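1. need a structure here:
(one chain, ligands or ions: 1)
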Amino acid sequence: MTRTLHIANLSVSTGGREPTQILSGLDVTVASGRVLALVGASGSGKSTACAAALGIAAGNLNVSGQVYLDGTPVAPASLRGRRVASILQNPRSGFNPLRSMRDHLRETMVALEKDWDEAAAREVLEDVGLEDPARILDLHAFEMSGGMLQRMAIAIALLSRAEFLFADEPTTDLDLVVQARILDLLAEMRDRRGLGLLLITHDMGVVARLADEVAVLDAGRLVEQGPVGQIFHAPRHPVTRMLISAHLALYGLELSA
Ligand SMILES: Nc1ncnc2c1ncn2[C@@H]1O[C@H](COP(=O)(O)OP(=O)(O)OP(=O)(O)O)[C@@H](O)[C@H]1O
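-> Numbers count the residues shown, from 1 in each chain. Prediction:
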């Protein structure tokens, strides 16, 4: 059965005397076994959309809209962790500074009603390219680099077996070898376990490699949405065309008219 997470009419604005609209009525659906890429220029509202849908938008923002799981309205906070794992842009914010990486993985296993399994924990750390897992398990967030923490967040998401994953630029700070490995892992989670992935990225190479559907944001509005092949071969909106052109230019290619 296909499960769906429908983010409906999501709007976000700043408060205060002169409010600014950051997101205007975003409507997208993430389905199990599919990857939906949310793309757009810097500042178009991608990260805000992800945080608002998870119920963790910054306190100064006004959020309206509704999230539906398989058609039933749900509170975003009730989805986090178990149903929807997340890998956010700033990985440090996701870790409790007082707890070791072993504690964080243990919590994930407890949530799954499993006993601590050191071998499984080490394996998942190796999967995401964290070498010397025995040492890593004893570390705290302040002892680790941003890249290591990003891999750790991905390891926790892998271990959690959540049905959906919201990943905000999950591979941006990683070297190309680890980046390729993580993208392969995410594809495997989609194909084998039917993970539904909302992937936020500005990297159209990542989109080409992983996405099934693409949604394009411009100044907080959804301006184009479609299957990945259509977006790459027949982009309609100027922003989509700009993103594809910039990507093709990396390979010395041009978008045909
Ligand atoms: N807490 C906040 N208060 C005021 N403005 C905010 C807040 N958070 C985000 N914004 C503004 O909302 C707009 C969208 O930001 P957001 O980070 O969602 O964009 P983005 O598409 O994810 O960009 P990037 O790719 O650079 O991460 C930006 O203009 C940003 O300055």
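2. wouldn't A211 be in contact with A37 here?
-> Yes: between A211 and A37 there is a contact at 3.7 Å, judged by Cβ atoms under 8 Å. Yep, even glycine has a C-beta here, placed from its N, CA and C like the rest.
3. now the closest residue to the ligand within the stretch 151-257 of the chain, what's its secondary structure?
-> Nearest to the ligand in the stretch 151-257 of the chain, going by Cβ to the nearest ligand atom, is H202, at a distance of 5.3 Å. The three-state assignment at H202 reads coil, by DSSP: H, G, I helix; E, B strand; the rest coil.
4. Which neighbours do A211 and A37 have in common?
-> Counting by Cβ atoms under 8 Å, 6 or more residues apart in numbering, the shared contacts of A211 and A37 are L199, V228.
5. thinking again about what came up before, quick one, what contacts the residue of the stretch 151-257 of the chain closest to the ligand?
-> Here H202 is in contact with V39, G40, A41, S42, K46, E169, L243 (criterion: Cβ under 8 Å, 6+ apart).
6. what does D138 give?
-> Taking Cβ under 8 Å, 6+ apart, one finds S100, M101, R102 in contact with D138.
7. Buried only: go through these for me.
-> Buried members of the contacts of D138, scored by 16 or more other Cβ atoms under 10 Å, are S100, M101, R102.
8. Could you check how far the last one is from N96?
-> Applying Cβ to Cβ, to the nearest Å, the value for R102 to N96 is 12 Å.
9. which one of the contacts of D138 is nearest the ligand?
-> M101 (26.1 Å).
10. Neighbouring strands - and their directions - for the host helix or strand of N9?
-> Using DSSP states H and E, N9 maps to strand 4-14. Here strand 4-14 is paired, per DSSP bridges, with strand 21-31 (antiparallel), strand 61-69 (antiparallel).
11. Would you mark the buried spots in stretch 182-194?
-> Buried-residue list, stretch 182-194, by 16+ other Cβ under 10 Å: I182, L183, L185, L186, M189, R190.
12. sorry, back to before: turn the contacts of D138 into TSV, columns for pLDDT, distance to E113 and secondary structure.
-> Listed next are those as TSV, based on pLDDT from 0 to 100; distance: Cβ to Cβ, whole Å; DSSP: H, G, I helix; E, B strand; the rest coil:
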residue	pLDDT	distance to E113	secondary structure
S100	96	21	strand
M101	96	21	helix
R102	96	18	helix
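13. can you put these in CSV and add distance to the ligand?
-> Formatted as CSV, the contacts of D138 follow (distance: Cβ to the nearest ligand atom, whole Å):
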residue, distance to the ligand
S100, 30
M101, 26
R102, 31
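14. out of those, who's nearest L176?
-> Minimum distance to L176 across the contacts of D138 is 24.4 Å, recorded for M101 (Cβ to Cβ).
15. Contact partners for the nearest residue in space to L199 that is not next to it in sequence?
-> Using Cβ to Cβ, 6 or more residues apart in numbering and skipping the chain neighbours, the partner closest in space to L199 is A37 (4.7 Å). Residues in contact with A37 (Cβ under 8 Å, 6+ apart) are L199, I200, T201, V206, V207, L210, A211, E213, V214, A215, V228.
16. if you go through the stretch 1-150 of the chain in chain order, where are the helices?
-> 46-53, 76-79, 101-111, 118-127, 133-136, 146-160 (DSSP state H, counting those that start in this stretch).
17. Kindly reformat the ones you listed as a markdown table containing distance to L195.
-> Shown next, in a markdown table, are the helices of the stretch 1-150 of the chain (distance: least, Cβ to Cβ, whole Å):
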| stretch | distance to L195 |
| --- | --- |
| helix 46-53 | 16 |
| helix 76-79 | 14 |
| helix 101-111 | 15 |
| helix 118-127 | 14 |
| helix 133-136 | 23 |
| helix 146-160 | 9 |
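18. Out of these, which is closest to H6?
-> Here helix 46-53 is closest among the helices of the stretch 1-150 of the chain (Cβ to Cβ), at 10.2 Å.
19. How about residues contacting the closest one?
-> 7, 10, 12, 22-23, 26, 38-40, 57-58, 61, 63, 65, 67, 76, 86, 88-89, 166, 168, 198, 200, 202, 217, 220.
20. Okay then, goodbye and thanks.
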